[in-house]
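J.: From the sequence below, what's the structure:
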Amino acid sequence: MGERHLREGHRMVATPDVIQSFERSTSPSGSGKVAVLLMGYGEVESYDDFANYNEQALNLLTAKFAPVPTWVYPPLAKVLAAFDLHEWSHQHGNFISPHNAIFEAQRAGIEANLQERWGDRVKVFKAFNFCKPFLPDQVLEQVKQEGYDKLLIYPLLVVDSIFTSGIAIEQVNDALVKLSDGTEHWVKGTRYIPSFFDAPDYIDLLATMVEEKIKDHLAVAHLPSQTGIVLMNHGCPHEAKGFTSGIDESQKLYDKVRDRLIY
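T.: Next up, the predicted model:
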């Protein structure tokens, strides 16, 4: 295995591959317990949560473009929640996104596989950027209370950008500062798993899924050569400061999947 560029906080460092680092940290001769922090956006499941969700999102997203007084967020979040209610209840029949249930299934599956090898020395926690009670500071408080002193941060997002991994790292850093015990921090080591846009297995899986959908649903009416494929990804504004790799990574993912489908 070679080296990957990982982030400890906002600092870029070159460290051995994640798997090697993880194994060393949790080897029988090692010490400490590892908390894997699986991070995503989260989704509201009740109208009552819309205002808080909006406030969290506005606070983090608008700060990337312009300084906004903090007192603006609560009233603006409530106004937006009123529009959310109209769209959520009237236009979509009180639709509840399956995001949280899917994310929990991913968390449980990853944890089960890790604990087969390392037992209860490893535990997977989920954190949502915008949704209580799973905000990073709330979850890291639980991590601390349960005695985990090593942290592996994994934003479960395809590409890195200021609005994906950037927000995740920012929230974790802020939470760790608030949860400090003084001169010696309770977290003894951190690692970060980068985006997986160029992971061969992910590209193969994505291309296979596209091929299967064409074969099962579109080939009856159109030839494969007559089928247009649109890959939607997060990306990032060109004007954003930092973590603009979301643009480049989205383009590279498109190129790799296109090449995989063509050849």
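
J.: Identify the residues contacting the helix or strand hosting I153?
T.: I153 belongs to strand 150-155 when assigned by DSSP states H and E. With CB atoms under 8 Å, 6 or more residues apart in numbering as the test, strand 150-155 has contacts from 18, 22, 25, 32-40, 143, 164-165, 168-169, 172, 187-193, 195. Quick note: C-beta positions are derived from backbone N, CA and C, even for glycine.

J.: Now, of those residues, which are buried?
T.: 18, 22, 25, 33-40, 143, 164-165, 168-169, 172, 187, 190-193, 195 (16 or more other CB atoms under 10 Å).

J.: buried stuff in stretch 156-170?
T.: So, applying 16+ other CB under 10 Å, buried residues of stretch 156-170: 156-170.

J.: still on that earlier bit, what pLDDT, on average, does the strand holding I153 get?
T.: For strand 150-155, mean pLDDT is 94.

J.: Extract the C-alpha set from it and format it as PDB.
T.: The C-alpha trace of strand 150-155 is given here as PDB (Å, rounded to 0.1, in the frame of the first residue of the first chain):
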ATOM      1  CA  LYS A 150      -8.700   7.800  19.000                       C
ATOM      2  CA  LEU A 151     -10.800   9.200  16.300                       C
ATOM      3  CA  LEU A 152     -11.200   8.100  12.600                       C
ATOM      4  CA  ILE A 153     -13.300  10.700  10.800                       C
ATOM      5  CA  TYR A 154     -15.100   9.400   7.700                       C
ATOM      6  CA  PRO A 155     -17.400  11.800   5.800                       C
END
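
J.: So what are the sheet partners of that strand and their directions?
T.: Its sheet considered, strand 150-155 pairs with strand 34-40 (parallel), strand 189-192 (parallel) by DSSP bridges.

J.: As TSV, the ones you listed with distance to D201 and mean pLDDT would be great.
T.: Putting these into TSV (distance: least, CB to CB, whole Å; pLDDT from 0 to 100) gives the following:
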stretch	distance to D201	mean pLDDT
strand 34-40	18	95
strand 189-192	20	90
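
J.: No further questions, thank you.
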